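Asker: sequence and predicted structure, then a few things I'm wondering about:
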Amino acid sequence: MEFTNINSKDIIFALDIGTRSIIGTVGIAKDKKFYVIHESYIEHKERAMMDGQIHDINIVAEEVKYIKSDLENKLGFTLTDVAIAAAGRFLKTTTARGNIKLSYEREIDKDIIRSLELTAVKNAENEINKLTEGKLYCVGYSVKNYYLNDYVITNLLSHKGENISVEVIATFLPRSVIESLYSVMEKASLNVINLTLEPIAAIEAAIPQSIRLLNLALVDIGAGTSDIAISSKNTISAYGMVSTAGDEITEIIAQNILVDFNTAEKIKKECYTKDTITYKDVLGLNNEIKSNEVINIIKPAVRKMCEEIGQKIIELNGGKAPNAVFLVGGGAHTPTLIETLAEILNLPPQRIAIKGREAVTQCVCKDNSLGSIGVTVLGIALTAMMKAGNNFIDVLLNGNTISLFNTHKNNVSDALIQAGINPKVLIGKNGKNVRFNLNGVSRIAFGTLGTNAVIKVNGKICSIDTEIQEGDNIEIIFAKNGIDASPKVLDFINSYNTISFYMNDKLTYIEPLIYINGKKVNFDARINDKDEVKIIFPKTIKEYKDEIENEKECIYYLNGKEIEESYVIKEGDRIYKKIITFENEIKNEFEHDYEKKLEYAKKDINNDYYNNENVTNNTIYVLVNGEKTYLKGKEKYIFIDIFDFIDFDLTVPKGNLVLLLNGKKAGYYDTLSQGDEINIYWE
C-alpha cells in the first residue's frame, strides 16, 4: 500500500537499540494494523553497547541521530517522537516466598490469595534491593507453587488452614536503565512517547493475543542477551533473560581461527549461505574454511547457550517446558540451535520455530529482508500504537502520587507494590483463640474477628484486582486485626452464689475454689493456652473438709446431732466440729476403763516394747507443768508414758489438747530424756 500526503502527527517512529545494531522503523496505524513506510538499519561501528547495556551514551546518540536523519530524508519532515524498549538485560528476576498465618476456621478467599502473592512479590523486591540500588518497577510475576500447612497444593481457594504460603518468580526493572535510554533520546532531540520492554515487544509481534491462551515461550536471541517471555492463559505471565547470546558464538570463532570480532561475525553469518568461506586472519593471510568446520567449532558454545536458555524457560514456566517455543533475533539462525534447544526442553524440533517478519500478522511490510532481526522493532511499534503517550501512569494512593510503568494493565495491587505498602495490611487477622481444659472438658475462648481493608477507586468500593487508569484516586482503609482472647476464670462461672453459715459460732463463707495447673488462683486470674483449669464449689461436709478445712479427722454436729459427710451445707446452718485426737479415740473405745485405754494404746504402738519381761529398773526425772516427776519401771520412755505418772483427765475434752516437749510441739511417740521440760494443757 502506497502512502502519500502523510501527516507527521500520524507517524509512529520505533527504535530497536540492540547490542550489535540499531533499527528504525516509521509507519502509520490503519485498520488496527501497523503499516511500515520506511526503515533504516545501522550496525555499531564501535562496541558502544555490551550485553544490551549502553556503555557510551554519546556514540549511541550519534548513531540514533543517523537513523533519525535517514528516515527524515525519506519522509520529508522532522521526527520528534519515538517509541523505544529497554533490553531484557536489565530485568532483575528472583524467586521469593510469602507466608500468611490464618485462623483455622477462616475460609481462604480470592483477596487472601492475592494478598499472599503480593507479600511474596514484596519479599522478592526486598531481595533485589539488597543487590541493586535505586527505584525498581515490578513488571510481572508468576506463581510457582502454593502451600497449605507446608504441603504443595494446586489451588488454595475455599480451603482452610493455619499457614498458607506461595512461591513466586518476580521480575523488576531498575529506574536507572530508563534514565540512560532517555538521555540518548534527549541528545538526539527525540521525545519518548512510549517505553516498553524488549521481551514484551517481541512477544507482542510474534505471539498475537489470539494464541496467548496456549503456554508458549518467546526467545529473542540478540548479540548480548537472550530475552525470554512466557505466555499462558491469555496473558504474558513471566519475563526473564540470560546473558549468553550471539556475541559468545562470535567470540569462539574469533579465538579459533584468529580473526577480529567483525570478521568472525561475518563468517558466522555466511555459515547459513555458503559451503566455503574465505577470510583474512589477524596476520593478514588469506584463508578458507568449510561451513561445517565452523559449525563444529561453535557446537559446544551453542549447547551451553541452549542449556542456559532452556533452564531459564523452565524456571519461568513453573518448572516445566512450554507447549512450543518461538525464536526471534539475529541469533535465532545459529546452526544446531533449534535441535539442541529441543533436546534440552524435551520437545519435538518442530515445536521450536523461527518467527520472521512475514509472520507478524498485525504488521504490513513490503521488505522483510531483515527477517527475525526486525521482529522486535515491529513489536515496539505495535505496543506504541496501543499505548501511545503512556510510558507511565500516575495515580493517587491515599493522597500520594504513585507512578506505574505502563507495560501491562495495571491494577490496585501494582500501586500497592510501587508504594511499598506491605500487602499483609489488607487482610485482618482474627484474634488468637485460647484453648484450655475446664474440669476435664476442652474449651475455647475466641478472639474477636478481624476486618479486611476497604479499597475504593474513585469513590467506588472495589478489590485489589481492579484495573486502574491514569489519574485514578485510590483510597485504602487498612485492615484491623482482631483482639486476642484473654479469658479469665470469672468468665466461666455460670453462677456465683456464696453460701454463708456458722462453723463453731464463727461466720464462714463457701466460695468457688479455682486452680490453674494445680495452683490456687483468684477469680480474675487469666487463663492461657493449654492451661488445666479446675473450678470446685464445695457443697457437702466432705468437700468443705477436704478443700477448705483440710482436716481429715473431725466430727461435725448440727442441732446437737452428728451429721454425715454427704450432708449438703445450707445457708445459715450452725455447724460444730470436733477434732478427733488420739485421746478421743481411746475414750471412744474404752470410755469406762481409762487404764485399759492406755494399755491398748501402748500395745498398739509396739507390743514388744511394753513387755515387762524386757523392762529393767531405769528411773529418770522430767518437769511436767513446772513440777519434777520421776519415771521408773521401763528401759526407755516416750511422751505417752507421762500419763502413767501424772493426774491429767483425758476422758472429758475441754478444748484442744496441747502437748509441748522442751517448748516444741510434741508427738505421743517422742522419746523422753533426763530433765526434759513438758507442758500439757487444754486450750
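Answerer: Okay, I see it.

Asker: apart from its chain neighbours, what residue comes closest to the residue most central in space within the chain?
Answerer: By CA atoms, centre = their mean, the chain has its centre lying nearest to Asn99, at 1.8 Å. Closest residue to Asn99 apart from its sequence neighbours, by CB to CB, 6 or more residues apart in numbering: Ser165 at 4.3 Å. All C-beta spots, glycine's among them, are computed from the backbone N, C-alpha and C.

Asker: surely Pro348 meets Ala342?
Answerer: Yes: Pro348 is in contact with Ala342 according to CB atoms under 8 Å; the separation is 6.6 Å.

Asker: ok, the two, which is more surrounded?
Answerer: Ala342 (19 against 9; other CB atoms under 10 Å).

Asker: just after the host helix or strand of the more buried one, pick out the following helix or strand.
Answerer: In this assignment (DSSP states H and E), Ala342 forms part of helix 337-345. As assigned by DSSP H and E, the chain's next helix or strand after helix 337-345 is strand 352-354.

Asker: can you point out the buried residues in that following strand?
Answerer: Judged by neighbour count (16 or more other CB atoms under 10 Å), strand 352-354 contains these buried residues: 352, 354.

Asker: these two touch, right, Ser183 and Asn58?
Answerer: No: judged on CB under 8 Å, Ser183 makes no contact with Asn58 at a distance of 9.8 Å.

Asker: quick one: which of those two has more around it?
Answerer: Using other CB under 10 Å, the more surrounded residue of Ser183 and Asn58 is Ser183, with 15 against 11.

Asker: ok, how many other residues are close to the residue lying closest to the more buried one once chain neighbours are set aside?
Answerer: Among residues not flanking Ser183 along the chain, Ile57 sits closest, at 5.5 Å (CB to CB, 6+ apart). Neighbours of Ile57 under the rule other CB under 10 Å: 15.

Asker: got a list of what Ile57 touches?
Answerer: The contact partners of Ile57, by CB atoms under 8 Å, 6 or more residues apart in numbering, come to 180, 183-184, 187.

Asker: quick one: list the elements packing against the host helix or strand of Glu117.
Answerer: Assigned by DSSP H and E, Glu117 belongs to helix 110-131. If contacts are counted by 3 or more CB pairs under 8 Å, 6 or more residues apart in numbering; DSSP states H and E, helix 110-131 sits against strand 92-101, strand 136-148, strand 163-174, helix 412-419.

Asker: relative to Phe436, which of these is closest?
Answerer: strand 92-101 (20.7 Å; CB to CB).

Asker: mind listing what's buried in the closest one?
Answerer: 92-94, 96, 98, 100.

Asker: how does this structure divide into domains?
Answerer: The chain breaks down by automatic domain parsing into domains covering 390-433+455-483, 489-579, 609-682.

Asker: could I get those as CSV with mean pLDDT, distance to Lys74 and mean neighbour count?
Answerer: Formatted as CSV, the domains of the chain follow (pLDDT from 0 to 100; distance: least, CB to CB, whole Å; neighbours: other CB atoms under 10 Å):
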stretch, mean pLDDT, distance to Lys74, mean neighbour count
domain 390-433+455-483, 84, 27, 17
domain 489-579, 85, 79, 14
domain 609-682, 80, 121, 14
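
Asker: quick one: which of these is nearest Thr448?
Answerer: domain 390-433+455-483 (4.0 Å).

Asker: report the distance from that closest one to the chain centre.
Answerer: Taking CA atoms, centre = their mean, to the nearest Å, one finds the center of domain 390-433+455-483 at 20 Å from the center of the full chain.

Asker: who touches stretch 276-288?
Answerer: Residues contacting stretch 276-288 (CB under 8 Å, 6+ apart): 257-260, 263, 266-267, 270-271, 289-291, 294.
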